[in-house]
Every structure is written in structure tokens, then in C-alpha cells.
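In: A predicted structure for the sequence below; I have some questions about it.
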Amino acid sequence: MTLAIGLARAGITSAVIDSSDPAAQTADGFDGRASAISTASWNLYTNLGMAEALEPRGCPIAAIAVTDGMKPGRIDFQPGPEDGSLGRMYANRDLRLVMYETAAREQAITFLPNAHVASRERDDQGASVILRDGRTIRARLMVGAEGRKSPTRDEAGFTPARWDYGHRAIIAGLNHEKPHDNVAWEVFYPAGPFALLPLLDAPDATGTPRHRSALVWTVAERDAAGVLALSDRAFLAEVDKRMGGIFGAIEIASPRTSYPLNFHHTVRMVDQRLALVGDAAHGMHPIAGQGLNLGLRDVAALVEVLSEGMRLGLDPGDAQLLARYERWRSLDTFMVAGATDVLTRLFGIPGRIPSAIRRLGMAGVQRLPPLKRFFMDEARGMSGALPPLLRA
């Protein structure tokens, strides 16, 4: 939908075929996940006219604390006053609400929710899909944006490299006694990262403001069922032990959910009158919170390539245009996906000696401002050749 909004702003019409129900996608309790929106992604939302509606819903990330098991030798990423925040935290539900509202105002978008594709066709003249209800949608370009299990990608014969980490992310909302001070915590344990992500304070039933954070706790797949089956009291005891008491007393604020963690990456992102964006092309471990942001960078690049090509009179399905998009995005997606995979494996090595070596390296980064700056720019999505939609 973000791609459709970007294309509409460039004067390009599109049809969004979505098998899900918007009412379900935006219902309270449907999805307890939250997403870190990088600086570049925030620039995209701003340039698409979504920032005003999103601004009051998000919690700025003023700093990121990275530590190995809450032991000495952590890294504190904190930008200078001229850089602004490292990003913003949003409940996925809030992102969807604003996205649907923005799209509803764009006449160039034909939105087809609760629609299921029966067949797809692509040839030299164009692309088309037949829906299960018999409708046929024709266009000059097809974009696969259905996520990790993209049927469009699989039907087109793309063969992504993929593997399973044997991990599962446990997601929950927490209320806590002490304020988070807009700091995101990434605590690494051998079983996987343990992330505490700042959310806006919200009033409880009595109107009293409560400090809130989103928890993303990675556990081994074999342990996930047991963790989910714990009573709230036992679960909170395990969480508090891994937090080191940094937020004081904690409470469960939302039901626990879980998601399997795996990796996949396609070498190719385009085919005849077909382009892939987001998790359809690349899915990674959420260790650095880059999955959604990487997909939004795909969106900005594809909008730029298509709008520039169409201004020159080219067909949006032109093979040279699509090849340019693929060249632009392939290296970035590969580097980010590869880096998250290396981090996952590096911090997953158990033992005192590996932990000591990691903490020594982190302490070194902490003392080297240029290196910290490099990592912050990568996290903010502000490195490399950026399309205009990602610039302030």
C-alpha cells in the first residue's frame, strides 16, 4: 500500500489486490508487534503526506543501548543534536490505520481488499490477474509485495536462498515502573536477542499514565511452547531476570504472541513485467529492526525508477527500467541481510570467552566515534545513494 501511495503521488495509477480484511488488520489486539521506523523511512512517510497523522502516535528513539547479556562493555548509540532521533517506534496497527486513511484519499489507487488471486499472466504486452470471483485486472507491471510467502515470487520461479534459525520471537507489551527515557535496548543472549523497544506512555483504566515498552524476546524453537505456556507471573519473572531490573516493576500489557524466525534472499528482484519489494524478496532476523525499513527503501527506489521512466515516455514494465531498480536495490538488501545474519550467529556463540571477546569489541566501538557514526547512519538508513523520497 505504501508503494501505491508513492506511485499515486507521482501520478501513476495502480490496483492493490489484498487478500486480508482492513477491519481485521486494524482491530485492537490483532497484531501486538511494533516496528522501528528509521530516519529514512520517516522521510518517506513525510514526503508521502503521512507524517502529520503519524507524529502523535510514535515514540522517538533517542538512543540505542547494545549489550552482551547486560554485562559491562556496552555500546550506546546516541546521535548529535543536529541528527534528530535514531527513529520512531510505532505499533503496526497505527501504521496500518494511517496508511489506509492516506490511500483512501488517492484517486489513483484502486483498492481491492478481501480479494484472492486465482491466476497470473505476464507477457510482452502486459500483466494480468484473474480473481476468484471472476474479475480480471490488467496492468503494465505486476509487483509482488505479499511478504515472505509470496505466491507471485514462487510462481515466477525465483529461488531464494533460505534457512531457518530455529528461533521464535515472543512478542508482548509491558507496562513498567520507571520511564524508558526513549532508549531502545538490544540485549544479546546465546539463545537470541532480547529487545525492549520504547512506546509512548498511555493512560490506564483510571487515567494514570503508564510507561510502556514492546518486548521482542528470541527463544529457541524447542523452548517457545514452554515460554508461551508460563503463567503471567512466571513469564514476568523470566523477563525481569533478563532485563536486570532497569525498568523497575513490570506488568504484562498485551497478550503474548510468537513468530518463527528465518532468512531468505533472492538474487534477482525482477522478471518480465514483474518486480519484487519487501519481504517477498528478502526476509531477515529482526535483530537490527531493519526488515520493514529495507522494504520501504525498495518502495522509494521503485517509485523513483518508474516515475522517471514514465516521464521519458517509457513503459513501466520496460526491462531496462526494472534492471535499474534491481541494480539499485540488490547490493543494499544483500549487505543488510548478510550483516543481520552474521550478527545473529556471532552473538549466538555461547561461552565466557566468546562473550568476553564480543564485549571487548563493543567497548572498542564505544570509544571510536567515527565507527559509531557509521553504524548509526546505517541504522538510520541514511547511507548510500538515496532516492528523493528518502531524503529530508
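Out: Cool, the structure landed.
In: now the helices for the stretch 1-150 of the chain?
Out: Taking DSSP state H, counting those that start in this stretch to define them, one finds helices in the stretch 1-150 of the chain at 2-9, 22-25, 39-47, 51-54, 92-104.
In: Adding mean neighbour count, write those helices out as CSV.
Out: Quick note: C-beta positions are derived from backbone N, CA and C, even for glycine. Shown next, in CSV, are the helices of the stretch 1-150 of the chain (neighbours: other C-beta atoms under 10 Å):
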stretch, mean neighbour count
helix 2-9, 23
helix 22-25, 14
helix 39-47, 24
helix 51-54, 15
helix 92-104, 18
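In: worst average pLDDT in those?
Out: Lowest mean pLDDT of the helices of the stretch 1-150 of the chain: helix 22-25, a mean of 90.
In: just for the chain, where's the confidence low?
Out: Across the chain, the ranges flagged by pLDDT under 70 are 29-31, 82-84, 288.
In: Work out for me the element the residue most central in space within it sits within.
Out: Centroid check for the chain by C-alpha atoms, centre = their mean gives Leu292 as the closest residue, at 2.2 Å. For Leu292, the element it lies in under DSSP states H and E is helix 291-311.
In: returning to that earlier point: what residues does the residue nearest to the centre of the chain make contact with?
Out: By C-beta atoms under 8 Å, 6 or more residues apart in numbering, Leu292 lies in contact with Ser35, Ala36, Ile37, Ser41, Gly278.
In: if we go to 6 Å?
Out: Counting by C-beta atoms under 6 Å, 6 or more residues apart in numbering, Leu292 makes contact with Ser35.
In: on that earlier part again, for Val303, find the nearest of the helices of the stretch 1-150 of the chain.
Out: Closest approach to Val303 among the helices of the stretch 1-150 of the chain (C-beta to C-beta): helix 2-9, 4.0 Å.
In: any residues touching that closest one, and which ones?
Out: With contact meaning C-beta under 6 Å, 6+ apart, helix 2-9 is reached by Ser14, Val16, Leu48, Thr102, Ala103, Glu106, Ala108, Ile109, Val299, Val303.
In: ok, now how distant is the first one from Leu44?
Out: Think Ser14. Separation of Ser14 from Leu44 (C-beta to C-beta, to the nearest Å) stands at 17 Å.
In: still on that earlier bit, okay, the residue nearest to the centre of the chain and Leu174: tell me how far apart.
Out: From Leu292 to Leu174 the distance is 21 Å (C-beta to C-beta).
In: Over to Leu389?
Out: 34 Å.
In: swap in Gly289?
Out: From Gly289 to Leu174 the distance is 17 Å (C-beta to C-beta).
In: mind listing the strands in the stretch 101-250 of the chain by residue range?
Out: For the stretch 101-250 of the chain, applying DSSP state E, counting those that start in this stretch gives strands covering 109-112, 117-122, 127-131, 136-139, 142-144, 161-176, 183-189, 192-203, 209-220, 250-252.
In: Leu199 against Arg212, yeah?
Out: Yes - counting by C-beta atoms under 6 Å, Leu199 touches Arg212, with 4.2 Å between them.
In: Assess the claim that Arg344 and Pro286 are in contact.
Out: Actually, residue 344 is Thr rather than Arg. No - counting by C-beta under 6 Å, Thr344 stays clear of Pro286, with 9.7 Å between them.
In: quick revisit: what about the strands of the stretch 101-250 of the chain, which gets the closest to Leu274?
Out: Using C-beta to C-beta as the measure, strand 142-144 is the one of those that comes nearest Leu274, at 5.0 Å.
In: buried set for stretch 163-171?
Out: Tyr165, His167, Arg168, Ala169, Ile170, Ile171 (16 or more other C-beta atoms under 10 Å).
In: Just send those back as JSON lines, with distance to Thr333 too.
Out: Shown next, in JSON lines, are the buried residues of stretch 163-171 (distance: C-beta to C-beta, whole Å):
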{"residue": "Tyr165", "distance to Thr333": "18"}
{"residue": "His167", "distance to Thr333": "21"}
{"residue": "Arg168", "distance to Thr333": "24"}
{"residue": "Ala169", "distance to Thr333": "21"}
{"residue": "Ile170", "distance to Thr333": "27"}
{"residue": "Ile171", "distance to Thr333": "24"}
